[in-house]
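Colleague: Provide a 3D model corresponding to the input given below.
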Amino acid sequence: MRDLMPRRFAVMPTVRLAFVFASLSGLVGCGGSTPEATAPPTGSTPGSAAETATDPDDVPITEADVARPEDYPEALTRIEGYRDTIRDEIAAGRPTKAHRALDELDIVLNWLPEIARDSGVPKEHWEAVNTTAQEIRELFNQVHSRIDAGQDPDYGAVSGSIDQAIGSLQDIPVALSPDQPEATS
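Modeller: This next block holds a predicted model:
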């Protein structure tokens, strides 16, 4: 019993020190400030410098916010539509209005290889779909980065390459499913 006594009492200063430390941490950490300290400074209004620095047109989205195209032809139609919207907003002098189309386009391009596979695009074209979709994403990322930086998007510098890449995707055949009738010439 005597051997246990010294150990128990030796631990006590450590426990007391931990208790004191935890108590002091509570005083310094969260909850230690008063409502006056968190109130906004007088003279500031909503929409001041911090809020005007963010772009109201650049709202984060997720895949759940974008309707997934049913098949490869629909995906290509959507890609063309996004391209047209982006091009037109930039041409109209409203590049920040292109944010939503840029974000949705990025998501659809990410889905494109899977959509192509599931839509009957022959396996020998899957790599071309993937690399071309990545090429288009990179080209539009150049435009998007410039818009985010407040610079001229310079869509003209990439427009020819974008149109050519979309044309390449359109040239990729889609195999007919057994329940689709063949087109007659």
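Colleague: moving C-terminal of the one helix or strand Thr77 maps to, what's the next helix or strand?
Modeller: Assigned by DSSP states H and E, Thr77 belongs to helix 72-91. Under the assignment DSSP H and E, the closest C-terminal helix or strand after helix 72-91 is helix 99-118.
Colleague: Low-confidence ranges, the protein, go.
Modeller: In the predicted model of the chain, residues 1-54, 176-185 satisfy pLDDT under 70.
Colleague: again, only this time at 90
Modeller: For the chain, the stretches with pLDDT under 90 are 1-58, 175-185.
Colleague: any idea of the angle the helix holding Thr77 forms with helix 99-118?
Modeller: Counting by axes from the mean of the first three to the mean of the last three CA atoms, to 10 degrees, helix 72-91 points 160 degrees away from the direction of helix 99-118.
Colleague: buried stuff in helix 72-91?
Modeller: For helix 72-91, a neighbour-count test (16 or more other CB atoms under 10 Å) marks 72, 75-76, 78-79, 82-83, 85-87, 89-90 as buried. The way it works is simple: take the backbone N, C-alpha and C, and place the C-beta from them, glycine included.
Colleague: for that helix, packing partners?
Modeller: helix 99-118, helix 126-148, helix 156-170 (3 or more CB pairs under 8 Å, 6 or more residues apart in numbering; DSSP states H and E).
Colleague: Export those helices as TSV, with columns for mean neighbour count and distance to Asp65.
Modeller: Shown next, in TSV, are the helices and strands packed on helix 72-91 (neighbours: other CB atoms under 10 Å; distance: least, CB to CB, whole Å):
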stretch	mean neighbour count	distance to Asp65
helix 99-118	19	8
helix 126-148	17	17
helix 156-170	15	23
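Colleague: Take the ones you listed and write them to JSON lines, including distance to Asp58.
Modeller: Shown next, in JSON lines, are the helices and strands packed on helix 72-91 (distance: least, CB to CB, whole Å):
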{"stretch": "helix 99-118", "distance to Asp58": "4"}
{"stretch": "helix 126-148", "distance to Asp58": "7"}
{"stretch": "helix 156-170", "distance to Asp58": "20"}
